[in-house]
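> just the structure for this:
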Amino acid sequence: YVETDELAFFVGDARCTKVLKCQYRAADLAGPGYDKVVPWTYFDRLWPRKADLLVASRNAAPRRIDLMYFRGADWDRRADVLDELRKRGLTNPDFSVVKYSDYIREASSYRVMLSLPGLADFCHRDVEWFGSGACVLRPRLENEFHDNLIPDHHYVSVDVDYRGAP
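Predicted coordinates:
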């Protein structure tokens with residue numbers, strides 16, 4: 001979702017002077033007018049309505065579960081990766097959708113959060129888990145931000161392109 005039809009529309013509109021872009025990669029945004037597109041931060045979709053729940057999860061009982069935690073759709077190349085990790089007993093066994101409050105409470109028990117990109121390189125799940133104080137394990141980010149996240153500092157980077165894996 002770096003380049004979209006909507007982005008092309010706004011870039012082409014002379015009235016538009018700046019576009020704040022969450023899924024941003026300068027190399028993919030070249031051409032006339034694209035200099036008005038600047039990197040920005042991806043906000044959690046339920047913030048601030050669920051802020052208290054997220055803060056409480058950060059201050060909850062110690063994280064005791066050593067498996068990697070993932071909850072989300074298991075489509076695209078994620079399905080193969082998640083299936084293999086589940087078979088090896090490295091992740092929680094269920095990835096189905098649950099109520100948001102249950103998801104946050106459940107996640108707060110795990111020490112390591114597994115983030116696999118889906119439709120885009122970065123998602124709400126990353127923001128929630130960074131805010132929870134958990135260790136986030138994910139492929140190296142391709143997206144750029146106005147204040148970049150640093151691999152192996154803000155998150156544990158796995159330098160792999162799982163989408164291209166056989």
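
> show me the contacts for M113.
M68, Y69, F70, A107, R125, W129, S132, A134, C135, V136, L137 (C-beta atoms under 8 Å, 6 or more residues apart in numbering). Every residue, glycine included, has its C-beta placed from N, CA and C.

> okay, and it sits in which element?
strand 110-114 (DSSP states H and E).

> ok now that strand, how far from the chain's centre?
Relative to the centre of its chain, strand 110-114 is centred 13 Å away, using C-alpha atoms, centre = their mean, to the nearest Å.

> cool, and stretch 4-22?
Remark: stretch 4-22 is offset 23 Å from the chain centroid, using C-alpha atoms, centre = their mean.

> okay, how far is it across it, tip to tip?
End-to-end distance of stretch 4-22 (C-alpha to C-alpha, to the nearest Å): 12 Å.

> can you list the buried residues in that stretch?
Buried residues in stretch 4-22, defined by neighbour count with 16 or more other C-beta atoms under 10 Å: L7, F10, V11, V19, K21, C22.

> as TSV, the residues you listed with distance to V156 would be great.
Formatted as TSV, these follow (distance: C-beta to C-beta, whole Å):
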residue	distance to V156
L7	31
F10	35
V11	35
V19	31
K21	26
C22	22
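
> CSV please, covering those residues and showing distance to V112 and secondary structure.
Supplementary listing: the buried residues of stretch 4-22 in CSV, determined by distance: C-beta to C-beta, whole Å; DSSP: H, G, I helix; E, B strand; the rest coil:
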residue, distance to V112, secondary structure
L7, 34, helix
F10, 38, helix
V11, 39, helix
V19, 35, strand
K21, 29, strand
C22, 25, coil
